[in-house]
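>>> Return atomic coordinates for the entry below.
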Amino acid sequence: MATALLIANPSASQFTGGLYREIVNILKDGFDLTTEWPISALETGVATRRAAESGIDAVFAMGGDGVTHHVANALEGSNTALGLIPAGTTNVLARILHIPKKPRAAAQAATQYSPVPTDMVRVDADTAFGHITRFATFSLGVGFDADVVSVAETRPFAKSRFGGVHYATTAVTRLLTNLRTEYPNLRIDCDGDRFDAVVALTQVHNPYTYFGKVPLHLAPDPPEGIATLAANSLSVVRATEIFGRAVLRRRHREATGIRLWSGYDLLALDAEPAAPFQADGELLGDASRLEVRPAPDAVLVLRPDPADHPE
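Okay, the predicted model is just below:
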């Protein structure tokens, strides 16, 4: 029987003791299962790496995109698969990878899945605390996007109760206040193209969304590899246009101060002053320089066959 570790986040919005016990019982039908409740992101990474080094077959993340992010980072490059039990507010990665949205259904399905090599994005960042390397499972944001995450996280109850709506209203509020008057402080270099921006958003998978069932497409057709969209200014009108084109799968117009790169090997970003950045909704601090690279097949994921869900 395959071996697995279940890492649970009891602060996740859908988590209850009863649900946890049900998930344990379901997973035990398909795995020789052990469990842990880490109390921090650091402990989550340590427990995950320890399990992977022991040769365990899978580590399940029960919670939202936060615990998934930390487990995936600890599993990067290993032969241990990531399992998803979506019990958080938005569960973006689970939705993108067509994992059942209900925790019980996801656990039952996981006993039948095979590990699938899955892409991530690698970011190397220079921060005030030194150089860090992190991997994003579905998105990386610099500037405005990360600022929205930072403000949204100050109201955890609203995040838990309203999910994507909370992020959307926070974004509008920020647009109506100071960010609409900000000048570009991000210098982006990619494939010989240089662009100054106030925000850069990198999409790992197509489509991508924070906003419930509304999928966002940075390009009309699925891009080759990862894609990054940047804008040199933001206002309610500009943000509405970007969002509308992403929903309707229409091409962004570079003449309006928007740039899109896809299929690149390296995107370098310098920020003056240092800009906030986030991966998978996890705020990672402020960085003066970031280098973004594709990380193909960086993590194994227990998920449906991608051939059954073409983009």
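>>> So residue 49 belongs to a strand, correct?
No: looking at residue 49 with DSSP: H, G, I helix; E, B strand; the rest coil, it is helix, so not inside a strand.
>>> who's in contact with it?
Applying C-beta atoms under 8 Å, 6 or more residues apart in numbering, we find residue 49 in contact with residue 74. (Glycine included, C-beta is placed from N, CA and C.)
>>> So it versus residue 31, what's the distance?
Distance, residue 49 to residue 31, using C-beta to C-beta, to the nearest Å: 19 Å.
>>> where do the strands sit along this protein?
2-8, 31-36, 58-63, 81-86, 114-127, 130-136, 139-143, 186-190, 193-197, 199-203, 227-231, 258-262, 267-279, 282-303 (DSSP state E).
>>> Which one, of the ones you listed, ends up nearest to residue 92?
Evaluated over these, closeness to residue 92 peaks at strand 139-143, with 7.6 Å, by C-beta to C-beta.
>>> What pairs with the closest one, parallel or antiparallel?
If you go by DSSP bridges, strand 139-143 pairs up with strand 199-203 (antiparallel), strand 267-279 (antiparallel).
>>> what is the rounded mean pLDDT of the first one?
Taken as a whole, strand 199-203 has a mean pLDDT of 91.
>>> Name the nearest residue to the one residue sitting closest to the centre of the chain, sequence neighbours excluded.
Centroid-nearest residue in the chain: residue 280, 2.5 Å away (criterion: C-alpha atoms, centre = their mean). Once flanking residues are discounted, residue 280 sits nearest to residue 69: 4.1 Å by C-beta to C-beta, 6 or more residues apart in numbering.
>>> where does the chain have low pLDDT?
For the chain, residues meeting the criterion pLDDT under 70 lie at 144-182, 208-214, 222, 235-240, 242-250, 252-256, 310-311.
>>> Quick check: the gap between residue 272 and residue 289.
10 Å.
>>> neighbour count winner among those two?
A count of neighbours by other C-beta atoms under 10 Å puts residue 289 above the other of residue 272 and residue 289, at 16 against 10.
>>> Beta-bridge partners for that one, please?
Bridge pairing for residue 289 - DSSP bridges - gives residue 126, residue 270.
>>> Roughly how far does the residue nearest to residue 280 sit from residue 139?
Applying C-beta to C-beta to residue 69 and residue 139 gives a distance of 10 Å.
>>> what residues do those two have in common as contacts?
279-281.
>>> Is it possible to get TSV of those that adds distance to residue 130?
Formatted as TSV, the shared contacts of residue 69 and residue 139 follow (distance: C-beta to C-beta, whole Å):
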residue	distance to residue 130
279	17
280	21
281	23
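>>> of these, closest to residue 115?
Taking the shared contacts of residue 69 and residue 139 together and measuring to residue 115 by C-beta to C-beta, the closest member is residue 280, at 20.1 Å.
>>> Does the closest one touch residue 134 like I think?
No: contact criterion C-beta atoms under 8 Å: residue 280 and residue 134 do not qualify, at 9.3 Å.
>>> hmm, back to that, for the residue nearest to the centre of the chain, what are its contacts?
Here residue 280 is in contact with 65-66, 68-69, 92-93, 136-139 (criterion: C-beta under 8 Å, 6+ apart).
>>> so, if you compare those residues, which one comes nearest to residue 56?
Closest to residue 56, out of all of the contacts of residue 280 and judged by C-beta to C-beta, is residue 68, at 17.1 Å.
>>> The closest one: neighbour count?
Residue 68, neighbours per other C-beta under 10 Å, totals 31.
>>> burial measure for the spatially closest residue to it that is not a sequence neighbour, as a count.
In space, not counting the residues next to it along the chain, residue 68 is nearest to residue 61; the distance is 4.5 Å by C-beta to C-beta, 6+ apart. When neighbours are defined as other C-beta under 10 Å, residue 61 has 31 of them.
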